[in-house]
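Colleague: the following comprises the amino acid sequence and a computationally predicted model.
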Amino acid sequence: DAGVTQSPTHLIKTRGQQVTLRCSPISGHKSVSWYQQVLGQGPQFIFQYYEKEERGRGNFPDRFSARQFPNYSSELNVNALLLGDSALYLCASSLRRDRRTEAFFGQGTRLTVV
Amino acid sequence: AQSVSQHNHHVILSEAASLELGCNYSYGGTVNLFWYVQYPGQHLQLLLKYFSGDPLVKGIKGFEAEFIKSKFSFNLRKPSVQWSDTAEYFCAVTPGYGGSQGNLIFGKGTKLSVKP
């Protein structure tokens, strides 16, 4: 079975540009979460979506937005990129959003802002 | 705000040595605790978890962790490490009964290097 897939794997953007990252959850999983992992730090929670609705938001500026589609895939958008947005962006999916349901992570999208 | 502290940034051990990685969290209520592992070039994987009950939990690959409520700690242990345990280890928490494993607070991670 395919795990969580993210695209693209790497990309380079210029300051001020906009970027869209994509995530396909494991088949049947209805919850998708996004994390930002800056080099040398642990993942930091950005958003959680469940059944196409936002169910949690971390401490990130409004430049960050996301959505979940009817097939449960998800996109993370970042506008007006800053150098500090350079990071590994991780997507995680789970069947449900309760505390006992394991979340499975993708391998991430490495974003470099120059 | 809730936070997770991992005391060691980089730990270097020889094979067969015992391992203990420290993790402390700041949250006064009920918590759900996790350890994740990230092997080189691979995605994050759940190593073990604690929700309630027996404070000593066992995970995959011979790892275990002990929840000490009075110390707000959830330290990871393994009696004898192998070269294949070389990885980065993350402690994570989500609060309460309404918490979700999709909304985790992670520590900064501890890189473990095991010398053959």
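Modeller: Yep, that arrived.

Colleague: list, one by one, the residues from chain A near chain B.
Modeller: A:3-4, A:31-33, A:35, A:40-45, A:48, A:50, A:55-56, A:90, A:92-94, A:97-103, A:105-108 (CB under 8 Å from any CB of the partner chain). No exception for glycine: its C-beta is placed from N, CA and C like everyone else's.

Colleague: is chain A within reach of stretch B:95-107?
Modeller: Yes. Stretch B:95-107 is in contact with chain A by CB under 8 Å from any CB, via B:96, B:97, B:98, B:99, B:100, B:101, B:102, B:103, B:104, B:105, B:106, B:107.

Colleague: returning to what we had before: list only buried entries from the residues of chain A next to chain B.
Modeller: A:4, A:31-33, A:35, A:42-45, A:48, A:50, A:55-56, A:90, A:92-94, A:97, A:99, A:103, A:105-108 (16 or more other CB atoms under 10 Å in any protein chain shown).

Colleague: look up the closest residue to the residue in chain B positioned nearest to chain A, ignoring the ones flanking it.
Modeller: Closest to chain A within chain B is residue B:106: 3.3 Å, counting by CB to the nearest CB. Excluding its sequence neighbours, the residue lying closest to residue B:106 (CB to CB, 6 or more residues apart in numbering or on different chains) is residue A:42, at 3.3 Å.

Colleague: for the one you found, give me its contacts.
Modeller: Contact analysis of residue A:42 by CB atoms under 8 Å, 6 or more residues apart in numbering or on different chains lists B:4, B:6, B:90, B:92, B:106, B:107, B:108, B:109.

Colleague: make it 6 Å
Modeller: Going by CB atoms under 6 Å, 6 or more residues apart in numbering or on different chains, residue A:42 touches B:90, B:106, B:107, B:108, B:109.

Colleague: could those residues go into JSON lines alongside neighbour count, pLDDT and secondary structure?
Modeller: As requested, the contacts of residue A:42 are exported to JSON lines (neighbours: other CB atoms under 10 Å in any protein chain shown; pLDDT from 0 to 100; DSSP: H, G, I helix; E, B strand; the rest coil):
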{"residue": "B:90", "neighbour count": "26", "pLDDT": "98", "secondary structure": "strand"}
{"residue": "B:106", "neighbour count": "22", "pLDDT": "96", "secondary structure": "strand"}
{"residue": "B:107", "neighbour count": "26", "pLDDT": "97", "secondary structure": "coil"}
{"residue": "B:108", "neighbour count": "15", "pLDDT": "96", "secondary structure": "coil"}
{"residue": "B:109", "neighbour count": "23", "pLDDT": "97", "secondary structure": "coil"}
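
Colleague: quick check: the residue of chain B closest to chain A vs residue A:11, distance?
Modeller: For residue B:106, the distance to residue A:11 equals 24 Å [CB to CB, to the nearest Å].

Colleague: what does residue B:93 give?
Modeller: From residue B:93 over to residue A:11 (counting by CB to CB), the distance is 31 Å.
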